[in-house]
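Participant: Can you look at this prediction? I've put the sequence above it.
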Amino acid sequence: MTSAPAILVTGLVKRYPVFGRFRDVLLHPLRRESKTALAGVDLRVERGRCFCLLGPNGAGKTTLIKILTTLVLPDEGKAFVGGCDVEQDPVWVRRRIGFAINEERSFYWRLTGRQNLEFFGALNGLRGRRLEAKIAEVVRLTNLEEAAGQRFNTYSTGMRQMLAFARALMTDADILFVDEPTRSLDPQAAARVRAFLKTGLVAGGGKTVFWATHNLAEAAEVAHEIAIIDRGRIRVEGSVAALTEEGGKSLQAVYDGAVSAGDTSGEGHPEEGLP
Amino acid sequence: MSAVAAGFRPRALGDYSARLLAFLRRDLRDALTYKFSFLYSIIGIFFSSATFFFISRLVNPAVPALGPYGGDYFSFAVVGLAFSSLLGLFQEGLPSVIRNAQMSGTLEALLVTQTSVPTILLGSSLYSLAFQILRTIFYLILAAAVFGMKFGRVYWPGAVSVFVLTALCFLSLGILSASFILVYKMGNPLGWIFSSMSGLLGGVIFPIAILPSWLRWASYMLPVTYSLDGMRKSLLVSGGAAQVLPDIAALAAFNVVLLPLSLVLFRAAVRKAKRDGTLTHY
């Protein structure tokens, strides 16, 4: 089990049904239309690495994360997280992952940060002293000791993001998924988040971080490896150093090349306009 | 393997209870931040009891249809209202839990935890169920202490059996409604059908004996008819087992069909929503 990569994805395909207009449903009740979000993704992420998935809006990043975190089922292909099949063993997968959902509405606003952590910790099987110890640990790691007793609705955006990390770490998971964690943060808070994930969790804690972003500078700063996804396919994959040295290009040029290669294929952005 | 995974015992009753208690604690803490909601609820019960107390003064106790329930309309109506609210919550609680979590944005965070979807549903509705049970008890105590509601010699085995079978039956209906919400997001035709028909046909505030015979047959298709009949006969008259056994048998028959059906359909609904990628959509 320990020799398995943190994440292994082979031939992953996801199509979302497209819900037509009422008139179309009446006239063609059996017709099923779909949009392809992932069109055969292959990916391997080794343990203890910080992996960045780059791509424009609608490229398939969020769909891939949702499949890897068991929230969405794939149509074809296989995905293994921590050696477990996301489709066959979703409960085991959820024991091995933390998902830092950066949606502030995913918290209970009238409860304190600590009360939120107590609740989600209990849902992850922690109780009693283990729960208390875990909360103390993640609150210290995320530098929220002083704010933990305050109601969530008094938190700044940066504090909310750090509480999302604290919640994701409540599982003791080896693999952490983060979806654009610095999207709405100011530069200083974003720098703290990057340092926390790369230095605190990956280098210091030996965890694997799977980081979806469209911020190239961020990826260049934190990632051991990157993959660029566009229109549901992985266009480029490798370490930043190897990708940039190979053709003597900047990461921006590599990215532009990968995304424009997709443009010439005539495919539409799969996730845009989905329900 | 992580420490959490190593110590995790999904089948352990203690672990299961701890998860349910976490939901209860969360909702209690949340409710305590709204200081006046409990007070409003109590005042509402008082006014509702008073309304039916004065209506009962208009009703002739000699009405034959009230005979099987002790002849007192006020007691009849209080049991009907108190328990129909509770049954409504059993049925509406689960779909509203899903709908609220979808709308508030917490559903995704709940679904990536190591807690199963049925436990999340049950846990999320536990506080409102517990609160409604306390409210029902308070309703009955208030009606007896202030307005002179008449209890018979209560037949507890009957009352408990009817309550448990009714709770399972209405939870099954709730699971069916929740399955519908998971897939179609809005609208809950099952809940609408049962809530609107129960008021007219279930015997909530008048005995079904006064309905025309063709309409009475429709009321026999509803579990609420047997729930209220059995509960009234257990609480208001002292007829013993013979009087409530037909209601218990009918409720058991509903459960034999509804419980497995609801669980199978709910499982299919979760899978469909995950397949369509709409599990957390609203």
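Facilitator: Perfect, thanks for sending it.
Participant: Which one of the residues in the stretch 101-250 of chain A is closest to chain B?
Facilitator: residue A:105 (2.9 Å; CB to the nearest CB). (C-beta placed from N, C-alpha, C; glycine too.)
Participant: Assumed that residue was part of a helix.
Facilitator: Yes - looking at residue A:105 with DSSP: H, G, I helix; E, B strand; the rest coil, it is inside a helix.
Participant: Could you pull up the residues touching residue A:158?
Facilitator: Taking CB atoms under 8 Å, 6 or more residues apart in numbering or on different chains, we find residue A:158 in contact with A:185, A:186, A:189, A:192, A:193.
Participant: out of the residues you listed, which is most surrounded?
Facilitator: The most crowded member of the contacts of residue A:158, judged by other CB atoms under 10 Å in any protein chain shown, is residue A:193 (23 neighbours).
Participant: still on that earlier bit, count the residues that sit near the residue of the stretch 101-250 of chain A closest to chain B.
Facilitator: Counted with other CB under 10 Å, the neighbours of residue A:105 add up to 13.
Participant: quick one: it and residue B:108 touch, right?
Facilitator: No - the criterion here is CB atoms under 8 Å, and residue A:105 misses it with residue B:108 at 9.5 Å.
Participant: Secondary structure element holding the residue lying closest to residue B:175 once chain neighbours are set aside?
Facilitator: With CB to CB, 6 or more residues apart in numbering or on different chains as the criterion, residue B:175 has its nearest non-adjacent residue at 3.8 Å, and that residue is residue B:262. Here residue B:262, judged by DSSP states H and E, is contained in helix B:241-276.
Participant: per-residue pLDDT, the residue of the stretch 51-200 of chain B found nearest chain A?
Facilitator: Residue nearest to chain A within the stretch 51-200 of chain B (CB to the nearest CB): residue B:105, separated by 2.9 Å. On pLDDT, residue B:105 comes in at 83.
Participant: Might you report the residue contacts of the residue nearest to it when sequence neighbours are not counted?
Facilitator: Nearest non-adjacent residue to residue B:105, counting by CB to CB, 6+ apart: residue A:105, 2.9 Å away. When contacts are counted by CB under 8 Å, 6+ apart, residue A:105 touches B:104, B:105, B:106.
Participant: Could you pull out the buried residues of the helix or strand hosting residue B:21?
Facilitator: Residue B:21 belongs to helix B:13-32 when elements are defined using DSSP H and E. Residues of helix B:13-32 classed as buried by neighbour count (16 or more other CB atoms under 10 Å in any protein chain shown): B:15, B:16, B:18, B:19, B:20, B:22, B:23, B:25, B:26, B:27, B:29.
Participant: Between those, which sits nearest chain A?
Facilitator: residue B:22 (3.4 Å).
Participant: give me the number of residues near the nearest residue to that closest one once chain neighbours are set aside?
Facilitator: Residue nearest to residue B:22 in three dimensions, not counting chain neighbours: residue A:122, with 3.4 Å by CB to CB, 6+ apart. Counted by other CB under 10 Å, the residues lying close to residue A:122 total 24.
Participant: Can you give me the distance of the residue of the stretch 51-200 of chain B closest to chain A to residue B:173?
Facilitator: According to CB to CB, to the nearest Å, residue B:105 stands 27 Å off from residue B:173.
Participant: Looking at the two, which is more packed in?
Facilitator: More crowded of residue B:105 and residue B:173, by other CB under 10 Å: residue B:173, with 24 against 16.
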